[in-house]
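sequence and predicted model, in that order:
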2 protein chains.
Amino acid sequence: MRSVLEIATAAKKASRILATSSTSLKNGALSAMADALITNSDTIEAANRIDMDNGAKNGLTSAMLDRLLTDKKRIESMAAGIAEIIKLPDPVGEINGMAKRPNGLSVGKMRVPLGVVGIIYESRPNVTADTSALCLKSGNAVILRGGSEAFESNRAIAKILADAATGAGIAENAISTIPVTDRQASLEMLKLDRYIDIIIPRGGYGLIRFVTENSLIPVIKHDKGVCHVYVDIDADTDMAESITFNSKVQRPGVCNAMETLLVHAGIAEVFLPGMVEKFVKAGVTVRGCEKTCEILPGGAVEAATLKDWDEEYLDLIVSIKIVEDFDAAVDHIANHGSGHTETIVTDNYRTARRFLSEIDSSAVMVNASTRFNDGGEFGLGAEIGISTQKLHARGPMGLAELTSQKFVVMGDGHIRE
Amino acid sequence: MRSVLEIATAAKKASRILATSSTSLKNGALSAMADALITNSDTIEAANRIDMDNGAKNGLTSAMLDRLLTDKKRIESMAAGIAEIIKLPDPVGEINGMAKRPNGLSVGKMRVPLGVVGIIYESRPNVTADTSALCLKSGNAVILRGGSEAFESNRAIAKILADAATGAGIAENAISTIPVTDRQASLEMLKLDRYIDIIIPRGGYGLIRFVTENSLIPVIKHDKGVCHVYVDIDADTDMAESITFNSKVQRPGVCNAMETLLVHAGIAEVFLPGMVEKFVKAGVTVRGCEKTCEILPGGAVEAATLKDWDEEYLDLIVSIKIVEDFDAAVDHIANHGSGHTETIVTDNYRTARRFLSEIDSSAVMVNASTRFNDGGEFGLGAEIGISTQKLHARGPMGLAELTSQKFVVMGDGHIRE
């Protein structure tokens, strides 16, 4: 078994070759990778059965087992995802802003791969395929370190993809996996800043904190989403109801679902009764601030505690707070939001403009559901995740966000005086 | 004396106000700051004398004392630097790529300040003024933690600037300093990722390693420059001599000066004798590989050791290596370079194109001196430093690099199906 250091040095070597591999070579490999997933679906299913059996023995919930399940249909969907990535333009080599300086020197920026991407994830096995394909297309080598519950499935998928890639002429070790799932291996990986250029942790708070505290390598966090809808006094109440409901209910288990609804005091009595009724009918548990409970007595609303304002439920639960005015809504979001996605419902031009300027989140929206914060919806094609930090990439990360820009300078013998 | 935590929370609060302060308010404050430096130059000079006296007592070299010296002329130059920053366009609020999605949703990206910038530096006192002005113009609060040798000078300059800024209507605590210089204070600062958004270390290897190993906050390194000039077999030898000489000698003490000269074996015997003669005449110590010493016997060239290929001399010393071919040059740079600045001298189109694509550095150049890797020369206006990492900003960092981009989304009641 190769050590983490051996894996990382081999990946670095591969990354240098991959950085200048042509788009047609990379697309050919992606096509072979998609085919290989289908051809070898029995192998993947067999590996997945081991994980599913272990999961059942270890007491995973049925929701967790459903996330883990990798059947023919889901394998086809992984292959279809890779086919979509083939269609996306290759960001590598793109030159931006090339302009002449007064002395005649041409200066611009060229997109280049980051190098070696390390990803530490607790998500479903399809992340193995998505990530490998996105990294390969953007010219990066990838080191995958998946969760223990999906160990056999991830290993089978990664091996099939890596074999197909090298079979199609991609440098060996462009796709590799850490063959163990103990924390020691992750820790070793996080210290190899000479070989790994970026670490993307995807998972719960514990994982992200562990990575942040131990990494010498720059980290792009994909942290929790405590997302807000703010219904302004100038909101159209029908639109507000539709956006609020969609933000919470359309897919409650994901990071861009709304967790807290903020309502301007001047519209609360008109808006909230119908809204809460709709939530209750849909099976949503409603936790309200004191004023919300006053407007809606009779048990439909539970009393929220302070803890609720910082909670990412990822479930059919919503907290509701009535705020005195716009500034109170902005303050609440600054103090309790996670900088993920915030939306305002308003017909007031000036209020909309202020919200766009004053809210500091990866996506700030007017009159649209929080659920739109997504690489596909934003037109980036596939995404490797949604960054909640400010450096490098914020919001959905697509192919361009897996690259860096270097300065390119062309002269005719220029020297500095 | 305020604690580091108190300073950071106050800075965070200031950053929220500063983020939406108008360009004219910020420019007015910058103008007041420049004036205040001139008006209070006696105070700065008195503080600087304390540092200079301590430095002399502590045995600083005359070069170090010269770096530390802050006289009237240098104070005027700081004020002139701030005046230049006033002229630069404000990056905050700029919206890029706003386009309609098929469903009618408008999606684009808006530049916003990073928030709170922490800078830990060992450089000359003018960095205090440059950094404060760049951060203020880009809407960021700044926490300055300068070196102990310039403690009194930095404190005096920062206080004058902060007072002038608040006097002109900027939020209090937009510019603050850590009032002690022990490592414990830096360590505390590096853990405050709730309040500080980015840490920029500027200084030697020890400082940068200390910050990287201890920071929970994203770091943008300004690391050493082991820069190369590669003289290709198809180089014009006059141009090669001029660029090589300028890259080494024009200002040897800075990070974009050349440290190692690589020469194609096929041109070495023609090119090197004249080049080395020119170096020796200018007082440059030349350390050559075995082949270089063979071509130039007689003591003009010392034998280089393995250590030389990784060395940042920052001095009138150059190492020379003869390489078999283009690939050997690229390999040497990949193995020994620091990813800062590399230049090729060639008249061959295909070789130039390969160099631009295959070299992975913050700036890659053809037929131009390495000394051009500079914010001013690249047209960015002033720079806060030169980043040697790949994430977020690579190469000279100007105002735009002190901002982040958030997605802004405008709909008409859009919900996701």
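Cool, the structure landed.

what's the closest non-adjacent residue to the residue in the stretch 201-350 of chain A that chain B sits nearest to?
Nearest residue of the stretch 201-350 of chain A to chain B, counting by Cβ to the nearest Cβ: residue A:246, 3.7 Å away. To be clear about C-beta, it is placed using only N, CA and C from the backbone, and glycine gets the same treatment. Setting aside the residues directly before and after it, residue A:246 is nearest to residue B:415 in space (Cβ to Cβ, 6 or more residues apart in numbering or on different chains), at 3.7 Å.

residue A:371 is in contact with the residue of the stretch 201-350 of chain A closest to chain B, correct?
Yes. If you go by Cβ atoms under 8 Å, residue A:246 and residue A:371 touch, sitting 6.3 Å apart.

so how far is residue A:314 from the nearest residue to residue A:305 once chain neighbours are set aside?
If the residues on either side of it in the chain are set aside, residue A:305 comes closest to residue A:287, at 8.0 Å by Cβ to Cβ, 6+ apart. Distance, residue A:287 to residue A:314, by Cβ to Cβ, to the nearest Å: 15 Å.

neighbour count for the two, which is higher?
Neighbour count, other Cβ atoms under 10 Å in any protein chain shown: between residue A:287 and residue A:314, residue A:287 has more, with 22 against 15.

tell me which element that one falls in.
Per DSSP states H and E: residue A:287 is located in strand A:285-288.

quick one: name whatever helix or strand follows that strand.
Taking DSSP H and E, what comes next after strand A:285-288 is helix A:290-295.

so what touches that following helix?
A:263, A:265, A:268, A:269, A:272, A:273, A:301, A:303, A:304, A:320, A:321, A:322 (Cβ atoms under 8 Å, 6 or more residues apart in numbering or on different chains).

next one: stretch A:264-277
A:230-233, A:235, A:237, A:240-241, A:244-245, A:261, A:263, A:286, A:291-292, A:295-296, A:300-301, A:320, A:322-326, A:329.

avg pLDDT for that stretch?
Averaged across stretch A:264-277, pLDDT comes to 98.

what residues sit buried inside that stretch?
For stretch A:264-277, a neighbour-count test (16 or more other Cβ atoms under 10 Å in any protein chain shown) marks A:264, A:267, A:268, A:271, A:272, A:275, A:276 as buried.

ok so, going back, among the contacts of helix A:290-295, which lie within strands?
Judged by DSSP state E, the subset of the contacts of helix A:290-295 located in strands is A:263, A:301, A:303, A:320, A:321, A:322.

helices of chain A, start to end?
Ranges of helices within chain A are A:4-18, A:23-39, A:41-57, A:62-68, A:72-87, A:126-137, A:151-167, A:183-190, A:205-214, A:237-249, A:265-281, A:290-295, A:326-336, A:349-358, based on DSSP state H.

tell me the most buried of those helices?
helix A:126-137 (a mean of 26; mean count of other Cβ atoms under 10 Å in any protein chain shown).

export that one as PDB, just CAs?
These are the backbone C-alpha positions of helix A:126-137, laid out as PDB (Å, rounded to 0.1, in the frame of the first residue of the first chain):
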ATOM      1  CA  ASN A 126     -21.500  10.200  -6.800                       C
ATOM      2  CA  VAL A 127     -19.100  12.900  -5.500                       C
ATOM      3  CA  THR A 128     -16.200  10.600  -6.400                       C
ATOM      4  CA  ALA A 129     -17.200  10.700 -10.100                       C
ATOM      5  CA  ASP A 130     -18.300  14.300 -10.300                       C
ATOM      6  CA  THR A 131     -15.100  15.500  -8.600                       C
ATOM      7  CA  SER A 132     -12.800  13.400 -10.600                       C
ATOM      8  CA  ALA A 133     -14.300  14.500 -13.900                       C
ATOM      9  CA  LEU A 134     -14.300  18.300 -12.900                       C
ATOM     10  CA  CYS A 135     -10.700  18.100 -11.800                       C
ATOM     11  CA  LEU A 136      -9.600  16.200 -14.900                       C
ATOM     12  CA  LYS A 137     -11.400  18.700 -17.300                       C
END
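
tell me which other helices or strands that helix touches.
For helix A:126-137, the elements it packs on are helix A:23-39, helix A:72-87, strand A:116-121, strand A:141-145, helix A:151-167, strand A:175-177, judged by 3 or more Cβ pairs under 8 Å, 6 or more residues apart in numbering or on different chains; DSSP states H and E.

now it: average pLDDT?
96.

which residues of the stretch 51-200 of chain A lie near chain B?
With Cβ under 8 Å from any Cβ of the partner chain as the criterion, the stretch 51-200 of chain A meets chain B at residues A:93, A:99, A:101, A:105, A:107, A:110, A:112, A:114, A:115, A:193, A:197, A:198.
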